[in-house]
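J.: build me a model:
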Amino acid sequence: MDAGVASQAGSDKPSHAVEALNAAFVRDGCVMSVADETALETPVELVFLRSGQAAMSHARVEVNVGKGASATFIER
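T.: Got it, this is the predicted structure:
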(Lines give C-alpha, C1' and ligand atoms only; values in the text may rest on other atoms or scores of the structure.)
Protein backbone atom coordinates (compact mmCIF):
# COMPACT_ATOMS: atom_id res chain seq x y z
CA MET A 1 0.00 0.00 0.00
CA ASP A 2 1.06 3.52 -0.64
CA ALA A 3 2.54 4.95 2.56
CA GLY A 4 1.37 8.44 1.53
CA VAL A 5 -2.26 7.37 1.38
CA ALA A 6 -2.04 5.52 4.67
CA SER A 7 -0.51 8.60 6.32
CA GLN A 8 -3.56 10.68 5.32
CA ALA A 9 -5.75 8.84 7.81
CA GLY A 10 -5.56 11.87 10.09
CA SER A 11 -5.90 14.42 7.30
CA ASP A 12 -8.41 17.25 7.71
CA LYS A 13 -8.28 18.21 4.02
CA PRO A 14 -11.74 17.71 2.44
CA SER A 15 -10.19 16.51 -0.82
CA HIS A 16 -8.58 13.61 1.03
CA ALA A 17 -11.45 12.76 3.38
CA VAL A 18 -12.65 9.66 1.50
CA GLU A 19 -9.09 8.39 1.01
CA ALA A 20 -8.35 8.97 4.69
CA LEU A 21 -11.46 7.07 5.79
CA ASN A 22 -10.60 4.18 3.47
CA ALA A 23 -6.97 4.12 4.61
CA ALA A 24 -7.98 4.04 8.27
CA PHE A 25 -9.50 0.56 7.87
CA VAL A 26 -7.16 -0.99 5.28
CA ARG A 27 -5.80 -4.34 6.39
CA ASP A 28 -4.91 -5.90 3.05
CA GLY A 29 -4.85 -5.23 -0.66
CA CYS A 30 -2.89 -5.39 -3.86
CA VAL A 31 -1.34 -3.24 -6.56
CA MET A 32 -1.64 -4.31 -10.20
CA SER A 33 0.27 -2.66 -13.05
CA VAL A 34 -0.09 -3.16 -16.80
CA ALA A 35 2.79 -1.83 -18.90
CA ASP A 36 2.33 0.65 -21.76
CA GLU A 37 1.00 -0.86 -25.00
CA THR A 38 0.18 -4.18 -23.32
CA ALA A 39 -3.14 -5.93 -23.89
CA LEU A 40 -4.18 -8.60 -21.40
CA GLU A 41 -6.44 -11.00 -23.26
CA THR A 42 -7.65 -12.89 -20.19
CA PRO A 43 -9.50 -11.01 -17.43
CA VAL A 44 -7.69 -10.75 -14.11
CA GLU A 45 -9.94 -11.88 -11.26
CA LEU A 46 -9.21 -10.63 -7.75
CA VAL A 47 -10.72 -12.67 -4.94
CA PHE A 48 -10.20 -11.61 -1.33
CA LEU A 49 -11.01 -14.28 1.25
CA ARG A 50 -11.41 -13.77 4.95
CA SER A 51 -11.74 -16.14 7.85
CA GLY A 52 -12.77 -15.91 11.45
CA GLN A 53 -15.39 -13.73 13.03
CA ALA A 54 -14.56 -10.46 11.22
CA ALA A 55 -17.72 -8.53 10.34
CA MET A 56 -15.95 -6.18 7.93
CA SER A 57 -13.27 -6.55 5.31
CA HIS A 58 -11.38 -3.57 3.88
CA ALA A 59 -9.01 -4.48 1.06
CA ARG A 60 -7.63 -1.72 -1.12
CA VAL A 61 -6.96 -2.32 -4.81
CA GLU A 62 -4.80 -0.01 -6.90
CA VAL A 63 -4.74 -0.61 -10.67
CA ASN A 64 -2.28 1.24 -12.91
CA VAL A 65 -2.85 0.81 -16.64
CA GLY A 66 -0.20 2.27 -18.93
CA LYS A 67 -0.66 4.39 -22.03
CA GLY A 68 -2.30 2.41 -24.84
CA ALA A 69 -2.77 -0.64 -22.58
CA SER A 70 -5.99 -2.56 -21.97
CA ALA A 71 -7.11 -5.00 -19.32
CA THR A 72 -10.24 -6.24 -17.59
CA PHE A 73 -10.24 -6.67 -13.83
CA ILE A 74 -12.98 -8.45 -11.90
CA GLU A 75 -13.17 -8.08 -8.13
CA ARG A 76 -15.29 -10.54 -6.17
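J.: SS state for the most far-flung residue of the chain relative to its centre?
T.: Taking C-alpha atoms, centre = their mean, the residue of the chain most remote from its mean C-alpha position is residue 53, at 23.2 Å. The three-state label given to residue 53 by DSSP: H, G, I helix; E, B strand; the rest coil is coil.
J.: residue 17 now?
T.: Reduced to three states by three-state DSSP, residue 17 is helix.
J.: what about it, how many neighbours?
T.: Using other C-beta atoms under 10 Å, residue 17 has 12 other residues around it. C-beta here means a position set from N, CA and C on the backbone, and glycine is covered the same way.
J.: where does it land on pLDDT?
T.: Reading off the confidence values, residue 17 has pLDDT 80.
J.: now residue 62, nearest residue through space, not along the chain?
T.: Counting by C-beta to C-beta, 6 or more residues apart in numbering, residue 31 is the residue found nearest to residue 62 once chain neighbours are left out, at 4.6 Å.
J.: so the spatially most central residue of the chain bridges to which residues?
T.: Nearest to the geometric centre of the chain sits residue 61, at 1.4 Å (C-alpha atoms, centre = their mean). Applying DSSP bridges to residue 61 gives these bridge partners: residue 30.
J.: so which residues of the chain form helices?
T.: 3-7, 17-25 (DSSP state H).
J.: what's the last one packed up against?
T.: It refers to helix 17-25. helix 3-7 (3 or more C-beta pairs under 8 Å, 6 or more residues apart in numbering; DSSP states H and E).
J.: for the closest residue in space to residue 65 that isn't next to it in sequence, give me its contacts.
T.: With sequence-adjacent residues excluded and distances taken as C-beta to C-beta, 6+ apart, residue 65 is closest to residue 34, at 4.8 Å. When contacts are counted by C-beta atoms under 8 Å, 6 or more residues apart in numbering, residue 34 touches 40, 63-66, 69-71.
J.: which of the residues you listed fall within strands?
T.: 63-65 (DSSP state E).
J.: pretty sure residue 43 is touching residue 72, no?
T.: Yes: assessed by C-beta atoms under 8 Å, residue 43 is found in contact with residue 72 at 4.1 Å.
J.: coming back round to it: rank the helices of the chain by pLDDT, which is bottom?
T.: Among the helices of the chain, helix 3-7 scores lowest, at a mean of 47.
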